[in-house]
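Engineer: Just the structure for this:
(chains A and B)
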Number of protein chains: 2
Amino acid sequence: MKYHVTDIIRKKRAGESLSPAELRFLIEGYLNGSIKDYHLAAFLMAVCFQGMVPAEMREWARLMWHSGITFAREHRDDFWIDKHSTGGVGDKTSLILVPLVHCVAERVLGSGKVRIPMISGRGLDFSGGTLDKLDSIPGFSSQLPIDRALAQLRQYGFFMMGQTADLAPADRLLYALRDVTGTTDCLPLIVSSILSKKFAENLDGLVIDVKFGAGAFMSTLEQGRTLARALTETAQAEGVRATAVLTPMHEPLGWKVGNQLEVEECADFISGTEREAGLLEVTLTLAAEMLALASRGALTADQARAECEKELQGKQVYSAFVRMFELQGGRWDAFEKRRKILENRPRYSVMAPQGGVLSRLDALAIAKLVRSMGGGRQSKESGIDFDVGVIVHKKVGDTVRSGETVFDMVLSTERTVDVGPVLATDFISVQPTAARPRWIEEVIRA
Amino acid sequence: MKYHVTDIIRKKRAGESLSPAELRFLIEGYLNGSIKDYHLAAFLMAVCFQGMVPAEMREWARLMWHSGITFAREHRDDFWIDKHSTGGVGDKTSLILVPLVHCVAERVLGSGKVRIPMISGRGLDFSGGTLDKLDSIPGFSSQLPIDRALAQLRQYGFFMMGQTADLAPADRLLYALRDVTGTTDCLPLIVSSILSKKFAENLDGLVIDVKFGAGAFMSTLEQGRTLARALTETAQAEGVRATAVLTPMHEPLGWKVGNQLEVEECADFISGTEREAGLLEVTLTLAAEMLALASRGALTADQARAECEKELQGKQVYSAFVRMFELQGGRWDAFEKRRKILENRPRYSVMAPQGGVLSRLDALAIAKLVRSMGGGRQSKESGIDFDVGVIVHKKVGDTVRSGETVFDMVLSTERTVDVGPVLATDFISVQPTAARPRWIEEVIRA
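Structural biologist: Numbers count the residues shown, from 1 in each chain, chains lettered A, B, ... in the order given. I've put the predicted structure just below:
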């Protein structure tokens, strides 16, 4: 069968569905150079307007997945599970989930029964990235050769790494094209991009934290729900058991925002020093859903959650947390030493302009503030200042006195930041009363 | 002011209007290479979905116009007028209009008062092109240097030429990109492409023949009307007086379809040998509208039409018709000699399958038939067989007997055409009764 690229573009423009063979023609032609950037650019824009039906979305994800390698598995006696977040502010749950789910699974489901091959990303736009957080640990390497990563997975049950050139290379090319052609925020392209990399992990199960609100890419619950359904349905269709958790992202998650600061918060969370209520709720929900899937029906989510709460009372999770870094070269001692030194970092406090109840703590404004302080990338090439960030002291629903500190900016010792333009009202609102927000909106089990 | 191309694409994707400075940033960046084909491809596709407001459409046309030269004029005592057709089957009016309007204007409005700088195109897809018809005249050159063309215009009152590299070069680049990215049939891009070239002619007036129906790019009257309004309003906004004539294009115009055949029909029309009713009506309407504009109000369209009818009774138009070719190297004697020789070309007759009234003579099917016989281009590079075509003997509304010839295929003496797959029912329908079609649907005077 012979296709013509312009006919395929026109077909999508007219709102028709494309066959697997037509989609394959596009991706294969793009990879071998016979189909050009400008063809794909026009096609992707047409997809932004006309969408894709589920079968197309699945095929598009498969094509990007098959452009690279798939993790090898000898058998399916163990259950491979990963968690993906669509991106938020102060969203550090991955660093807690890997050791927590690992420990509960080993104790409750049996040794070696669950493995967590976690592939994470860098910060994107205002949103933080797990890889950037991991890079604040001296010596840690997120760029493992696949063989070594899989050996670690078999022996220790988990790894945390970044996408490599072998994994879904077509997605990397298309992502770069989408980035410059204004076609990133398009549901079928988001779904297929996320899942192409997850399919390459050869997973049995996937839990997706779909965030919505000011500090997320999806601003409304309805948009988040649509994305969550498309992700879980497409994953299920490919044989990956998937659960989506819809979580509000209006204020930052937990107490700290910034790379090193978030790793510190995870350590304190696991050791039991400090567990912010929202972070606890989101972490327990995600962990329980991961374990419920991984148990293949042996545990309900409620039972799994109770096991997680029990596990967090012991010391095993902290050991696994430190091991997770050390297996990949991270020197936890050095991190803790550095943390002590950095405790005297200069701070700038942002205070409540009046007394009352905190009704808004703007996640997006705080994320942009942290980025402007050097804690996020201004462009793809720019470096990151791992030390800077924000420490929140009051959350929405908390009572505040006039002049009381709502959050501190933790500044760099090496660079000057102009705090002149930082106005409290850009970040917070105080009202006579305000309800505490929900932490979990909805769980979608496919 | 600094713009970012991706922000501009996103803005159009979101349905916002762009400022003249933003549009200029796109075209200038594209011409200097800083903005790539893939940026423009995504932008053009977004325009297909979100459209352009009139001010944007006008600015886009202006930017393409200003990428090239504008015909020089010393004064505006004379009136420069052109006619443009959106493309049809058997549409040969330009070849009659130039000498007819010239002769009437000279006689009624005064010598040198009206000039016709006509720029025509090649056949596009199934639609015929005036330049291809002109090329069937031995020696005729449609590729005049601008200086020579303008000298001819000043001395003789008209020329007929093709678009040169100097005229709206940005439109040529964009047109090529639209052609391969499925973005040709998009109203604001059609309007700006047509008018950019017309603005470069430095016209005072423009009459646009907007065809709709099976054998036209716009299939419905409503689409044609929308295009006609956008064209006339955009032209008027730029100071070019414009009239659009909406003409149905369900069956071919006139008796003949094919390059040499259509020049023959024009000669017969002007000499008075044979004037098909539809071709006469469309030609008189367009000529009258051109003269009404060119007279700057001195003539109504009805008065101008009466003068055209009178002119067609004399011999002046035929002289001007022959002069039009000879001024640009065409050897009319050679054409007439060749016509006689070719009168014995092999023919294949397509006959009425039953008796009744002809209710359909499919313009698109006939155009594709002529193209398949070698009379049109299969690709941009392919040559044309000027001799082949179709001669129609019955038109919609005519009574036919069973087995009577409805049209003849005029075959090439040099190539074999398989007439096996030619089924009468693909081209014609015969019913007990059928109304004669309208030739002119509507005239839109801005």
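Engineer: where exactly do the helices run in the stretch 51-200 of chain A?
Structural biologist: Secondary structure of the stretch 51-200 of chain A, counting by DSSP state H, counting those that start in this stretch: helices at A:54-66, A:93-104, A:130-134, A:146-156, A:169-181, A:187-200.
Engineer: Determine which stretch of the ones you listed is the most buried.
Structural biologist: Ranked by mean neighbour count, these are led by helix A:93-104 with a mean of 25 (mean count of other Cβ atoms under 10 Å in any protein chain shown). (C-beta placed from N, C-alpha, C; glycine too.)
Engineer: now it and helix A:146-156, what's the angle there?
Structural biologist: Helix A:93-104 runs at 40 degrees relative to helix A:146-156, counting by axes from the mean of the first three to the mean of the last three Cα atoms, to 10 degrees.
Engineer: just checking, what packs against helix A:93-104?
Structural biologist: Judged by 3 or more Cβ pairs under 8 Å, 6 or more residues apart in numbering or on different chains; DSSP states H and E, the packing partners of helix A:93-104 are strand A:79-85, strand A:114-120, helix A:130-134, strand A:158-162, helix A:259-271, helix A:277-294, helix A:301-311, helix A:316-326.
Engineer: Please point out which parts of the longest one sit buried.
Structural biologist: By neighbour count, with 16 or more other Cβ atoms under 10 Å in any protein chain shown as the criterion, the buried positions of helix A:277-294 are A:278-294.
Engineer: What is it packed up against?
Structural biologist: By 3+ Cβ pairs under 8 Å, 6+ apart, helix A:277-294 packs against strand A:79-85, helix A:93-104, strand A:205-212, strand A:241-248, helix A:259-271, helix A:301-311, strand A:442-445.
Engineer: Pipe the ones you listed into CSV and attach mean pLDDT and distance to residue B:16 per row.
Structural biologist: Below are the helices and strands packed on helix A:277-294 laid out as CSV (pLDDT from 0 to 100; distance: least, Cβ to Cβ, whole Å):
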stretch, mean pLDDT, distance to residue B:16
strand A:79-85, 97, 31
helix A:93-104, 98, 37
strand A:205-212, 97, 24
strand A:241-248, 98, 29
helix A:259-271, 97, 36
helix A:301-311, 98, 44
strand A:442-445, 95, 33
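Engineer: so which of the helices and strands packed on helix A:93-104 comes closest to residue B:230?
Structural biologist: Residue B:230 sits nearest to strand A:79-85 of all these, at 46.8 Å, using Cβ to Cβ.
Engineer: so what secondary structure elements neighbour the closest one?
Structural biologist: When contacts are defined as 3+ Cβ pairs under 8 Å, 6+ apart, strand A:79-85 packs onto helix A:93-104, strand A:114-120, helix A:187-200, strand A:205-212, helix A:277-294.
Engineer: so what strands line up beside that strand?
Structural biologist: With DSSP bridges as the test, strand A:79-85 is paired with strand A:114-120 (parallel), strand A:205-212 (parallel).
Engineer: tilt between the shortest one and helix A:277-294?
Structural biologist: It stands for strand A:114-120. Orientation of strand A:114-120 against helix A:277-294 (the same axes, to 10 degrees) gives an angle of 130 degrees.
Engineer: Name the surrounding residues that touch strand A:114-120.
Structural biologist: A:71, A:78-83, A:94, A:98, A:101-102, A:105-106, A:129-131, A:134, A:142, A:149-150, A:153-154, A:157-163, A:167, A:197-198, A:201, A:203, A:291, A:294 (Cβ atoms under 8 Å, 6 or more residues apart in numbering or on different chains).
Engineer: Dump the C-alpha coordinates for that strand into CSV.
Structural biologist: C-alpha atoms of strand A:114-120 as CSV (Å, rounded to 0.1, in the frame of the first residue of the first chain):
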residue,chain,number,x,y,z
VAL,A,114,7.5,-6.5,43.1
ARG,A,115,10.0,-4.5,41.2
ILE,A,116,10.0,-0.8,40.6
PRO,A,117,11.9,0.4,37.4
MET,A,118,11.3,4.1,37.8
ILE,A,119,12.1,6.4,34.9
SER,A,120,11.8,10.1,35.7
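Engineer: Quick one: mean pLDDT for it?
Structural biologist: For strand A:114-120, mean pLDDT rounds to 96.
Engineer: quick one, it and helix A:316-326 angle?
Structural biologist: 50 degrees.
Engineer: Pull the distance from strand A:114-120 to the chain's centre.
Structural biologist: Put simply, strand A:114-120 sits 13 Å off its chain's centre (Cα atoms, centre = their mean, to the nearest Å).
Engineer: Contact partners for the residue nearest to the spatial centre of chain A?
Structural biologist: Relative to the mean C-alpha position of chain A, the nearest C-alpha, by Cα atoms, centre = their mean, is the one of residue A:85, at 3.2 Å. Counting by Cβ under 8 Å, 6+ apart, residue A:85 touches A:91, A:93-94, A:208-209, A:211.
Engineer: Up against chain B, what does chain A have?
Structural biologist: Residues of chain A found near chain B (Cβ under 8 Å from any Cβ of the partner chain) are A:5-7, A:9-10, A:13, A:36-42, A:44-46, A:48-49, A:177, A:179-183.
Engineer: give me that answer again for 6 Å
Structural biologist: A:6, A:9-10, A:13, A:37-38, A:41-42, A:45-46, A:49, A:180-182 (Cβ under 6 Å from any Cβ of the partner chain).
Engineer: What about these, which one has the most neighbours?
Structural biologist: Within the residues of chain A next to chain B, most neighbours by other Cβ atoms under 10 Å in any protein chain shown means residue A:42, with 34 neighbours.
Engineer: Distance check, that residue against residue A:8.
Structural biologist: Distance from residue A:42 to residue A:8, counting by Cβ to Cβ, to the nearest Å: 10 Å.
Engineer: Mind listing the residues bridging to residue A:115?
Structural biologist: In beta-bridge terms (that is, DSSP bridges), residue A:115 pairs with residue A:80.
Engineer: tally of neighbours for it?
Structural biologist: For residue A:115, the count of nearby residues is 23 (other Cβ under 10 Å).
Engineer: for the one 3 residues further on, same thing?
Structural biologist: Each residue near residue A:118 was counted by other Cβ under 10 Å, and the total is 20.
Engineer: Need the per-residue pLDDT for the closest residue in space to it that isn't next to it in sequence.
Structural biologist: Once flanking residues are discounted, residue A:118 sits nearest to residue A:160: 4.8 Å by Cβ to Cβ, 6 or more residues apart in numbering or on different chains. Looking at residue A:160, its pLDDT is 96.
Engineer: is it fair to say residue A:430 lies in a helix?
Structural biologist: No - counting by DSSP: H, G, I helix; E, B strand; the rest coil, residue A:430 falls outside a helix, being strand.
Engineer: low-scoring stretches of chain A, by residue?
Structural biologist: Within chain A, the stretches with pLDDT under 70 are A:1, A:124-125, A:378-382.
Engineer: again, only using 80
Structural biologist: Flagging of chain A using pLDDT under 80 yields the residue ranges A:1-2, A:122-128, A:377-383, A:413-417, A:420, A:446.
Engineer: Next step: the residues of chain A next to chain B restricted to helices.
Structural biologist: Within those, residues falling in helices by DSSP state H are A:6, A:9-10, A:13, A:37-38, A:41-42, A:45-46, A:49, A:180-181.
Engineer: biggest separation within these, which pair?
Structural biologist: A:10 and A:180 (23.2 Å).
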